[in-house]
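[1] A predicted structure for the sequence below; I have some questions about it.
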Amino acid sequence: MAHVVGALDMEVAVMNSLTANLHLMMVPFYRPTAERHKILIEYKAFPSDLYAVESQIKFHGYDPATSLIQLRARDGEAALRNEDILEAIEREGDSIALVMLSGVQYYTGQLFRIADITAAAHKKGCVVGFDLAHAVGNVVLRLHEWNVDWAVWCNYKYINAGPGAIGGCFVHERHALADLTHFSGWWGHDLKTRFDMDAPFTPIAGAFRFRLSNPPVLQVAALLASLELFEEATMERLRAKSERLTAYLELLLDRTIDAKHLSILTPRTPQDRGCQLSLFFHDEHTVKRVNSNLQKNGCVCDYRKPNVIRVAPVPLYNSFSDVQRFVSILRQSLEEQQE
């Protein structure tokens with residue numbers, strides 16, 4: 001798993017689910033004080049992230065109305081500008097305890113510039129964590145090199161470990177043996193003395209200290225099978241193909257789909273997106289009928305209310321022919337709506 005996220009082996013643990021890991025990471029890494037109690041996230045983050053940070057803020061006796069900063073894109077724009085994120089951190093940083101953004105934003109498909117954000121936040125004394133649900137297995141990550149404090153993710157999206165697959169977390173090496181307050185379990189105890197049974201808790205150095213219990217073996221087996229494919233393919237080669245696939249999808253949409261029907265929310269620059277393009281339909285009724293027709297013709301996309309269909313040509317198993325076929329079916333579906 002470590003090679004997929006750009007980490008040392010000791011920095012990665014496979015455990016739990018994404019939201020459970022979010023809460024476990026915020027126990028040691030969200031330690032609010034009267035002067036520094038805010039959490040910064042993007043506006044309209046995935047609900048699990050929003051609910052988790054709101055509940056953590058309330059748990060510590062603060063009010064999300066004053067302790068939660070939700071970054072909004074500029075009027076008329078779907079994606080956040082990197083300079084606006086950095087400016088917000090510089091402006092509010094002295095009161096921010098935790099910067100917690102997505103790696104890739106689930107709705108717009110925007111890839112946040114993790115290295116820039118981490119450096120800016122650390123300069124202001126903030127802890128930095130990322131939800132990498134839509135980034136792991138999608139884009140090249142270098143979490144250790146970028147100095148990210150912690151990150152969490154699920155493994156049932158681009159990693160293909162199956163519905164409800166076991167999740168993962170990253171904790172930077174510099175926190176390996178730090179004196180952290182965190183929830184502990186038997187599976188995070190040093191293996192040398194774990195079976196003494198009466199020994200005081202001695203954490204394993206690294207991310208394994210956060211494990212609570214024995215991971216489910218069938219879920220781990222499914223994940224291992226997928227990770228073997230990623231090790232053979234390598235993220236660098238997959239990303240190179242991904243950029244070409246998504247650029248081809250973008251080109252065909254621009255050339256063959258009338259702009260009166262839809263627009264692309266996702267940034268146009270490859271360095272600011274993964275493989276996903278979010279298509280915003282200008283008519284709510286049209287998007288529902290088009291989505292239904294796509295499914296009937298074997299195109300597995302994702303409809304998000306009220307008007308977005310997320311399209312993700314995945315380099316591990318999608319081809320340029322798949323992209324061409326999708327656009328052809330999309331065009332036919334739109335034409336049928338005009339009849």
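    Now that the structure is in, tell me what you want to look at. Numbers count the residues shown, from 1 in each chain.
[2] Could you break the chain into its assigned domains?
    2-231, 235-338 (automatic domain parsing).
[3] Can you show me the strands along the stretch 101-250 of the chain?
    127-131, 150-153, 168-171 (DSSP state E, counting those that start in this stretch).
[4] Could you export the ones you listed as TSV, including mean neighbour count?
    (Glycine included, C-beta is placed from N, CA and C.) Shown next, in TSV, are those (neighbours: other C-beta atoms under 10 Å):
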stretch	mean neighbour count
strand 127-131	26
strand 150-153	28
strand 168-171	28
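[5] I'd like the domains of the chain written out as TSV, with mean pLDDT added.
    Below are the domains of the chain laid out as TSV (pLDDT from 0 to 100):
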stretch	mean pLDDT
domain 2-231	96
domain 235-338	95
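[6] quick revisit: would you turn the strands of the stretch 101-250 of the chain into a markdown table with distance to residue 267?
    Converted to a markdown table, the strands of the stretch 101-250 of the chain look like this (distance: least, C-beta to C-beta, whole Å):
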| stretch | distance to residue 267 |
| --- | --- |
| strand 127-131 | 18 |
| strand 150-153 | 21 |
| strand 168-171 | 25 |
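[7] Indicate which one of the ones you listed is closest to residue 58.
    Among the strands of the stretch 101-250 of the chain, strand 127-131 comes nearest to residue 58, with 18.5 Å by C-beta to C-beta.
[8] hey, which of the domains of the chain is tucked in deepest?
    Most buried of those by mean neighbour count (mean count of other C-beta atoms under 10 Å) is domain 2-231; its value is a mean of 18.
[9] which residues touch the most centrally placed residue in the chain?
    The residue lying closest to the centre of the chain (C-alpha atoms, centre = their mean) is residue 132, at 2.6 Å. Residue 132 makes contacts with 5, 102, 103, 104, 141, 151, 152, 153, as judged by C-beta atoms under 8 Å, 6 or more residues apart in numbering.
[10] And residue 64, by the same measure?
    Contacts of residue 64 (C-beta under 8 Å, 6+ apart): 53, 54, 57, 58.
[11] Tell me the one of those residues nearest residue 168?
    residue 53 (19.5 Å).
[12] Please give the element, helix or strand, for the closest one.
    Assessed by DSSP states H and E, residue 53 sits inside helix 47-59.
[13] That helix: what's the following helix or strand?
    Per DSSP H and E, helix 47-59 leads on to helix 64-67 as the next helix or strand towards the C-terminus.
[14] Show me how far that following helix is from its chain's centre.
    23 Å (C-alpha atoms, centre = their mean, to the nearest Å).
[15] could you point out the longest helix in this protein?
    As assigned by DSSP state H, the longest helix anywhere in the chain is helix 235-256.
[16] mind saving the C-alpha coords of it as CSV?
    C-alpha atoms of helix 235-256 as CSV (Å, rounded to 0.1, in the frame of the first residue of the first chain):
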residue,chain,number,x,y,z
MET,A,235,1.2,4.7,-10.5
GLU,A,236,3.5,6.7,-12.7
ARG,A,237,2.5,4.6,-15.8
LEU,A,238,-1.1,4.6,-14.9
ARG,A,239,-1.2,8.4,-14.4
ALA,A,240,0.5,8.9,-17.8
LYS,A,241,-2.2,6.9,-19.5
SER,A,242,-4.9,8.6,-17.3
GLU,A,243,-3.9,12.1,-18.5
ARG,A,244,-4.2,11.0,-22.1
LEU,A,245,-7.5,9.2,-21.6
THR,A,246,-9.1,12.2,-19.8
ALA,A,247,-7.7,14.7,-22.3
TYR,A,248,-9.3,12.5,-25.1
LEU,A,249,-12.6,12.5,-23.3
GLU,A,250,-12.4,16.3,-22.9
LEU,A,251,-11.5,16.8,-26.6
LEU,A,252,-14.4,14.6,-27.8
LEU,A,253,-16.9,16.4,-25.5
ASP,A,254,-15.7,19.8,-26.7
ARG,A,255,-15.9,18.8,-30.4
THR,A,256,-19.2,16.8,-30.4
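[17] Work out the sheet partners of the next helix-or-strand element following it and label each with its direction, please.
    Remark: after helix 235-256, the chain's next helix or strand is strand 262-264, criterion DSSP H and E. Paired strands of strand 262-264, with direction, are strand 277-281 (antiparallel) (DSSP bridges).
[18] Which strands and helices lie in contact with the very next helix or strand once past the strand it pairs with?
    Scanning forward in sequence from strand 277-281 by DSSP H and E, the next helix or strand is helix 284-296. Judged by 3 or more C-beta pairs under 8 Å, 6 or more residues apart in numbering; DSSP states H and E, the packing partners of helix 284-296 are strand 302-304, strand 308-311, helix 320-338.
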